[in-house]
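Colleague: prediction below, plus the sequence it came from.
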Amino acid sequence: MGVLASVECSPTQTVATQPTWADVEPIVSGACASCHGPTAKTTGSSYRLDFYEMSTALCGDAALALDTGVVLAGTPSVPVLMASDLEVATGARWPKMPPLPGPSLAGWELQTIERWAKSPVKGPPPAGNRAPTISTGKLPEVVNGTLSFTAVVDDPDGDPVMGVVEVAGLAFLMNRPGAFAVDFDASSWPAGTVRPTAVLCDGWTKATYDLGPIQIQH
């Protein structure tokens, strides 16, 4: 059995007796999400840890942006694995995670994840949590062959975000905050009005936005 890396806690930072995901998420986002975030399928052994869960019950169609096979932090046994990877194995000088040359977690961060892993509850969202947002650029009013525009997904609290733009039965998936070049082939759509919608989720709140109307003319 290994031991947690020895790092002193900040004298001003307290660790909850029973941390919830609201306590753990900021640590994971800062120290783990570069590998275990949107690119987890190729950089994090398919372990995406920046969300506790991403289900259609919670997030609606935004959950479609989760890559198949990606395991989230709230999956049974994953919290224990997270804590284990932060331990320094017998005879080792460094924990498995975070890997060198990155810095080790602070003592309070280690303790937070260790305590949470023993009883990994999600709990309520952080106080004052706000819904993710979307803005669009170059959104046309009239379309003939191709509907193209820029969508910028963001979260005012800095939370990770997944989302989807839907129109005419088609979906454009967005698995992270940032800018996306949205493109739909509208050449076969019947003439008339369409109203693209966006569904976003930060793991706490689902938000739906009406991006239309757009006239289809051939």
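Modeller: Looks like it arrived, so ask away.
Colleague: and Pro190, how many neighbours does it have?
Modeller: For Pro190, the count of nearby residues is 9 (other Cβ atoms under 10 Å). From N, CA and C alone the C-beta is placed, and that goes for glycine too.
Colleague: repeat for Ala31
Modeller: Residues near Ala31, counting by other Cβ under 10 Å, number 21.
Colleague: go on, Ala131?
Modeller: Using other Cβ under 10 Å, the number of residues around Ala131 comes to 18.
Colleague: and it, what pLDDT?
Modeller: Predicted confidence (pLDDT) for Ala131: 98.
Colleague: Gln13 too?
Modeller: Looking at Gln13, its pLDDT reads 80.
Colleague: pull the contacting residues for it.
Modeller: Ala106, Trp108 (Cβ atoms under 8 Å, 6 or more residues apart in numbering).
Colleague: three-state assignment of it?
Modeller: Counting by DSSP: H, G, I helix; E, B strand; the rest coil, the backbone at Gln13 sits in coil.
Colleague: what's the distance between it and Trp204?
Modeller: For Gln13, the distance to Trp204 (Cβ to Cβ, to the nearest Å) stands at 23 Å.
Colleague: try Ile113
Modeller: For Ile113, the distance to Trp204 equals 19 Å [Cβ to Cβ].
Colleague: could you chop this structure up by domain?
Modeller: Segmentation of the chain into domains, based on automatic domain parsing, reads 3-118, 133-216.
Colleague: of all those, which lies closest to Pro125?
Modeller: Closest to Pro125 of these is domain 133-216 (Cβ to Cβ; 3.9 Å).
Colleague: now do the end-to-end distance for the closest one.
Modeller: Domain 133-216 has an end-to-end distance of 26 Å (criterion: Cα to Cα, to the nearest Å).
Colleague: equivalent analysis for stretch 142-162, please.
Modeller: Taking Cα to Cα, stretch 142-162 runs 28 Å from one end to the other.
Colleague: all good on my end, thank you.
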